[in-house]
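Enquirer: Sequence below, structure please.
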Amino acid sequence: MAKAYLGTTPHINPFAHSTLFHKRSRLSSAGAMPPDQNPPRPHPSLEIVDGTRGSFLHALKTLVRPYTPFPFVAWNRHVETIFAAFFRSVPDVRLRRECLRTKDDGSVALDWVPGDDRRLSPESPLLILLPGLTGGSDDSYVRHMLLRAKSKGWRVVVFNSRGCGNSPVTTPQFYSASFLGDMHEVVAHVGARYPKANLYAVGWSLGANILVRYLGQESHTCPLSGAVSLCNPFNLVIADEDFHKGFNNVYDKALSSALCKIFKKHALLFEDIGGDFNIPMAAKAKTVRDFDEGLTRVSFGFKSVDDYYFNSSSSDSIKDVCRPLLCIQAANDPIAPSRGIPREDIKANPNCLLIVTPQGGHLGWVAGGEAPIGAPWTDTVVIEFLEHLEREASSKALSSSSNTGIVHHMEV
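Expert: Reported below is the predicted structural model:
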């Protein structure tokens, strides 16, 4: 699943290798928002594909400055990717875990910030974070985004998929790029808990692929008021092709090892599963593709791994997205290739905006004021986008409330 699974900050030792619709969104579509008459121009160091025709760009102040990667670290995409995975600071955050049992008897873990119900109002915006493959609440990029949103008065929850972030596995099924059932249940669950709040989501890599597929599937009835996709592999067939080239084999080996480690913790669940499963192959997988062949594609009813990758790609979902969506990619991402980005579909969708940085690696973006070991450059852009959406939503809600009051007064 490169693809499908690619996307967490892989825990690679760099020295080990010499080679539920609870309410309609208050936000209709990006096209409904009048663009600034004279928006500041993004810096030419950034590639911008703007289907929204300027509806969001004026709010993203960070984009007027050049993208300046940190010296030495960002000279090579692999160095930047590995540096971010190993040396980026991991903020100390206390989290309260909630285990959510799904309809098929599976389990996912939701990590909340304790005390938020005392500090925040029921109307405070709520942000769902979706980490990458094998990733969870402990990953540095997740924690930095959590703290950034929390500092702005947002309620935040991290969605740890089955087996990730020490989330329990209670059935013989993990998650995948194709499976949206857990996403539906998590959004419905948090939406029911905070019915007065606007819901948003941010996903990285595999989490981004799942998030964009969810947005496309839900389309006009999506309960989210906006979303952000980062380092999305988009086209999993293309991502798989590149994953077996050169130094990328190091990531492949590291991620397959992480998958095997999760699998072995829960191997007894799969002991008598039978059918087309190849459990020994999954248990000893040397590549992510092997793991997907032995377990993932069979679990989710695909005839082959290639069939699984082709039908699980979020690139095909962009045309159906009806909520504001910001996509941020790095041109030199070794795991989410630039050539797999659906630029034309993004350009044709009035709800979508794409930013491609010249460098950044995979989940790196070692640039900006907090580089080299602080938050990634993207965090500032993400929060600018989300706060803009929430201001627009609040303004519309206030306007709607005022109009209702006038009508009621006239009727009386």
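Enquirer: And F310, how close does it get to A348?
Expert: In this structure, F310 and A348 are separated by 22 Å, where distance is defined by C-beta to C-beta, to the nearest Å. C-beta here means a position set from N, CA and C on the backbone, and glycine is covered the same way.
Enquirer: so L354 sits in a helix?
Expert: No. The assignment for L354 is strand, going by DSSP: H, G, I helix; E, B strand; the rest coil, so no helix is present there.
Enquirer: Would you mind confirming that it is in contact with S338?
Expert: No. Using C-beta atoms under 8 Å, L354 and S338 do not qualify as a contacting pair, with a distance of 10.8 Å.
Enquirer: The two: who's more crowded?
Expert: The neighbour comparison of L354 against S338 (other C-beta atoms under 10 Å) goes to L354, with 23 against 15.
Enquirer: show me the contacts for the nearest residue to the more buried one once chain neighbours are set aside.
Expert: Taking C-beta to C-beta, 6 or more residues apart in numbering as the measure, L354 lies nearest to V49, with 4.0 Å between them; neighbours along the chain are not counted. Contacts for V49 (C-beta atoms under 8 Å, 6 or more residues apart in numbering) come out as R343, I346, K347, L353, L354, V356.
Enquirer: hmm, try it at 7 Å
Expert: Under the criterion of C-beta atoms under 7 Å, 6 or more residues apart in numbering, the neighbours of V49 are R343, I346, K347, L354.
Enquirer: Next: D105.
Expert: Under the criterion of C-beta under 7 Å, 6+ apart, the neighbours of D105 are T170, T171.
Enquirer: where's it, which helix or strand?
Expert: Taking DSSP states H and E as the definition, D105 sits outside all helices and strands.
Enquirer: can you give me the strands in this structure?
Expert: 47-50, 96-101, 107-112, 126-130, 155-160, 199-204, 224-230, 325-330, 352-357 (DSSP state E).
Enquirer: Rebuild these as CSV, extending it with distance to V288 and mean pLDDT.
Expert: Listed next are the strands of the chain as CSV, based on distance: least, C-beta to C-beta, whole Å; pLDDT from 0 to 100:
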stretch, distance to V288, mean pLDDT
strand 47-50, 28, 98
strand 96-101, 27, 98
strand 107-112, 21, 98
strand 126-130, 19, 98
strand 155-160, 20, 98
strand 199-204, 17, 98
strand 224-230, 20, 98
strand 325-330, 20, 98
strand 352-357, 25, 98
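Enquirer: of all the ones you listed, which lies closest to G181?
Expert: Nearest to G181, of all the strands of the chain, is strand 107-112, at 10.1 Å by C-beta to C-beta.
Enquirer: Who are the packing partners of the closest one?
Expert: With contacts defined as 3 or more C-beta pairs under 7 Å, 6 or more residues apart in numbering; DSSP states H and E, strand 107-112 has these neighbours: strand 96-101, strand 155-160, helix 181-193.
Enquirer: Next, format the ones you listed as JSON lines and append mean neighbour count and distance to P168.
Expert: Below are the helices and strands packed on strand 107-112 laid out as JSON lines (neighbours: other C-beta atoms under 10 Å; distance: least, C-beta to C-beta, whole Å):
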{"stretch": "strand 96-101", "mean neighbour count": "14", "distance to P168": "6"}
{"stretch": "strand 155-160", "mean neighbour count": "26", "distance to P168": "10"}
{"stretch": "helix 181-193", "mean neighbour count": "19", "distance to P168": "13"}
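Enquirer: Which of those sits closest to S299?
Expert: Of all those, helix 181-193 sits nearest to S299, with 12.1 Å by C-beta to C-beta.
Enquirer: Quick one: residues in contact with the closest one.
Expert: Counting by C-beta under 7 Å, 6+ apart, helix 181-193 makes contact with 20, 22, 100, 102-103, 108, 110, 126, 128, 157, 159, 161, 175, 199, 210, 214, 223-224, all of which sit outside it.
Enquirer: With respect to L295, which of the strands of the chain lies nearest?
Expert: Closest to L295 of these, according to C-beta to C-beta: strand 107-112, at 18.0 Å.
Enquirer: Paired strands for that closest one, with orientation please.
Expert: The sheet places strand 107-112 alongside strand 96-101 (antiparallel), strand 155-160 (antiparallel), with pairing taken from DSSP bridges.
Enquirer: Specify the angle between the first one and helix 181-193 in degrees.
Expert: With axes from the mean of the first three to the mean of the last three C-alpha atoms, to 10 degrees as the criterion, the two stretches strand 96-101 and helix 181-193 enclose an angle of 120 degrees.
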